[in-house]
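Trainee: generate coordinates for the sequence data below:
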Amino acid sequence: DDGSSFTLTWVGDGTGVTGSFYSEDYGKSFHDVSHAIKNTFIKKDFGISAGPGNPQQVILTANLPFTETPGGVIFTSVDAGVTFRSVQLPFHPAQAIQFHYQDPKYLVVISIDGGLWLSQDFGNSWSKVHEGVHTFTWSSSIFYFIFFKIFSNFFQSDSSNIFLLGEKNINSKLVWTSDNMHTQSSPRVIYVSSDQGDHLQKAQLPSTTTEQFYSVLDGDEDMIFMHVDSPGDTYFGTIYTSDDRGILYSKSLERHLFGGEGKSDFTNVTSLRGVYFTNILEEDGRIRSVISFDRGRRWRFLKKPENVNCSDSSKKCNLHIHGEHSHFSGITPMLPLSEPAAIGLVIAHGSVGDSISAVRPDVYVSGDGGYTWWGTLRGPHHYTILDSGGLIVAVEAHRDRQISSIKFSTDEGQCWKIFNFTSHPIFLAGLASEPGTKTMNISIFGYRPDDDDQPIWVAVTIDFEHLLTRECDEQDYVQWLAHSDYDSDPETDGCLLGYKETFRRLKKLSACRNGRGYVVSRQQHPCPCTRDDYIEYGFYLHENTSECLLQPDFLNLTQYISLNGDVEDLQNTGYRKIPGDKCEGGFSPPRREGEDILPASSSSHTVRSVSGPFVMTVIIYYTVANKHEVKSLIMYVTI
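Mentor: Residues are numbered from 1 along each chain as shown. Take a look at the predicted model:
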């Protein structure tokens, strides 16, 4: 409305359509579509919302005075912005409207008075779900669930609730667990449900106080990564990994950094199976990066890039990755980046030394999922992955300097070329590319001051198909064995979680394009079971060693009660195969005899209902699906 901001959003379905002005040629030209929305002003902070996966659904939120109208107005489009439909809302939105991950007709938004509103028909009609809502998020499952927080006046702190919309014609449910208010000082514990809350089971995790918290860092149909906060203002805690039921947990990593602002550097490398990295807080205050290639069973420090010298004389010279903490603090303009279609490729800001550095970080690239790294660009950059990993582009990030060039690499960051995209430099606002990494187009947008010191907004689109004109053929690809150290027994080399994967991927020296039709090709082969395919409940691997130690938290815990009332002896549970592991034959783990079995009634944790006044704090609803089954886990904490 005053020319001080600019929004560029990708919509459409692989057609190169961008908004809010309408473009059909990847942003090379735009058409004014103001008449389609009755020349209404659009909010500059959250005016454009596009559906996930680059679909046709687009929503514009009108900028209307709160005091002059009973509700806001949105404009919805189902043809990527060609035409719009006006919808009068019964509320004023306080934030951007959120689409469901898998079905864009389901929408959720919070109103300015704290109401949580839901639409099941792409914004045509709305119903209030709850009042006093602080935050929310969608589940990523095939079910339509909302997790949200409400404000508790009794404790002057956040408490939570879960609204389960269900799938299609399944009835709605509201699920929680609670305890009497006078038990405010009682420890918090996690409960898990695999049947949408009909029955609850206590997760075998250390309890926390009301000053501590649990946080689900990551999860899928096989395993959950759970952070348990340490007592006091320590800014660290312990990561635990679950069994495939989400019930039994083993210690994975101690002194895991977790800031007071709720930021964690825990990162799932989506370009290679089983890889995660995060940061730990050492006792002397240093922050160091660690990586796991086997879903948290063992953690190690990242290797120093071969082409980078250590910044000091310390013998502990490793690569340390800047994550959410650095991004939140403004040290880095981007988080670590990986894409499922770009096998093994990881791009991140980092520093080399004995710990993470607060000075301007550089950009590092790994082509094998984090085993080895390459120092590739000096200073902070904006970067993105194009052409399914065949092309990387980057632009220098400066707050006080204009830019006029873009860098690009066709060999996973080994070499870079520079292209000057304008003769009139601009202050960079950001990069925009079509979701899914299959495109060869990148849009750079920013501004430059005019004579009156007012911003003139500029969007420049670069089509790299004019550079990489040749389509890749079979000679441009190579068979690549993931997780290989090249020195192991050929029978077990590359084995991870019970099987090895061989991918067909582009050679680094092949200057060609994968194209939109590129599909990741992989072959899987089972491996014989070894000791590394198992974890033992109640034990954990000591950092950087193979020594198996007993978890102090579980010294007196010997029994677990299953849903159907059966007693499972935890001392005799012994080794369990890591969730998702597919090994066959080979190593057969021993089993230990049980000790000091408790009476079944003394540790039953099935919860039915609670009467009387209460306050509840639910942490997360979590459900996943695969082609064989649907698994749903509700995880929450009682006070």
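Trainee: for the residue lying closest to residue 98 once chain neighbours are set aside, give its distance to residue 216.
Mentor: Distances taken as CB to CB, 6 or more residues apart in numbering put residue 108 closest to residue 98, at 5.1 Å, once the chain neighbours are dropped. Placement of C-beta: from N, CA and C, glycine included. Residue 108 sits 20 Å away from residue 216, going by CB to CB, to the nearest Å.
Trainee: helices along the protein, start to end?
Mentor: 324-329, 570-573 (DSSP state H).
Trainee: weakest of the ones you listed by average pLDDT?
Mentor: The stretch with the lowest mean pLDDT among these is helix 570-573, at a mean of 47.
Trainee: hmm, residue 70 is touching residue 64, no?
Mentor: No: using CB atoms under 8 Å, residue 70 is not in contact with residue 64, being 10.3 Å away.
Trainee: so between these two, which is more surrounded?
Mentor: residue 64 (16 against 10; other CB atoms under 10 Å).
Trainee: do you know how far the more buried one is from residue 113?
Mentor: 15 Å.
Trainee: residue 303 too?
Mentor: Residue 303 sits 53 Å away from residue 113, going by CB to CB.
Trainee: quick one: which of those two has more around it?
Mentor: Legend: neighbour count by other CB under 10 Å for residue 303 and residue 113, higher for residue 303 (15 against 11).
Trainee: what's the burial count for the nearest residue to that one once chain neighbours are set aside?
Mentor: Nearest residue to residue 303, sequence neighbours excluded (CB to CB, 6+ apart): residue 372, at 6.1 Å. For residue 372, the neighbour count with other CB under 10 Å is 15.
Trainee: same question for the one 5 residues further on.
Mentor: Close neighbours of residue 377, defined as other CB under 10 Å, add up to 20.
Trainee: the closest residue to it other than its chain neighbours pairs with what?
Mentor: Nearest non-adjacent residue to residue 377, counting by CB to CB, 6+ apart: residue 363, 3.8 Å away. Beta bridges link residue 363 to residue 349, residue 377, judged by DSSP bridges.
Trainee: quick check: residue 363 vs residue 98, distance?
Mentor: Distance, residue 363 to residue 98, by CB to CB: 31 Å.
Trainee: before we move on, what about residue 298?
Mentor: From residue 298 across to residue 98, the span is 37 Å (CB to CB).
Trainee: who has more neighbours out of the two?
Mentor: Between residue 298 and residue 98, residue 298 has the larger neighbour count (other CB under 10 Å), namely 20 against 17.
Trainee: does residue 380 touch residue 397 like I think?
Mentor: Yes: using CB under 8 Å, residue 380 is in contact with residue 397, at 4.3 Å.
Trainee: which neighbours do the two have in common?
Mentor: residue 333 (CB atoms under 8 Å, 6 or more residues apart in numbering).
Trainee: what residues does stretch 254-268 touch?
Mentor: Stretch 254-268 has contacts (CB under 8 Å, 6+ apart) with 215, 217-218, 225, 227, 229, 233, 235-239, 275-283, 287, 289, 321-325, 328, 335-336, 543.
Trainee: just the CA trace of it, in CSV.
Mentor: C-alpha atoms of stretch 254-268 as CSV (Å, rounded to 0.1, in the frame of the first residue of the first chain):
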residue,chain,number,x,y,z
GLU,A,254,23.6,-35.7,25.9
ARG,A,255,24.0,-32.0,26.3
HIS,A,256,21.9,-31.3,23.3
LEU,A,257,21.7,-27.5,22.7
PHE,A,258,18.1,-26.1,23.0
GLY,A,259,17.8,-22.3,23.4
GLY,A,260,15.5,-20.5,25.7
GLU,A,261,13.7,-19.0,22.6
GLY,A,262,12.6,-22.5,21.7
LYS,A,263,15.2,-22.9,18.9
SER,A,264,16.9,-26.2,18.2
ASP,A,265,19.7,-26.8,15.6
PHE,A,266,18.5,-30.4,15.1
THR,A,267,18.4,-31.1,11.3
ASN,A,268,17.1,-34.0,9.3
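Trainee: which parts of that stretch are buried?
Mentor: 255-258, 263-268 (16 or more other CB atoms under 10 Å).
Trainee: repeat that for stretch 500-518.
Mentor: 500-503, 505-506, 508, 510-514, 518.
Trainee: from residue 255, how far out is residue 234?
Mentor: Separation of residue 234 from residue 255 (CB to CB) stands at 9 Å.
Trainee: shared neighbours, these two?
Mentor: Here residue 234 and residue 255 have residue 281 as joint contacts, going by CB under 8 Å, 6+ apart.
Trainee: surely the residue nearest to residue 303 meets residue 366?
Mentor: Yes: between residue 372 and residue 366 there is a contact at 6.3 Å, judged by CB under 8 Å.
Trainee: partners of residue 61 in the sheet?
Mentor: Applying DSSP bridges to residue 61 gives these bridge partners: residue 74.
Trainee: count the neighbours of it for me.
Mentor: 24.
Trainee: so what's it up against?
Mentor: For residue 61, the contacting residues are 42-43, 46-49, 72-74, 93, 96-97, by CB under 8 Å, 6+ apart.
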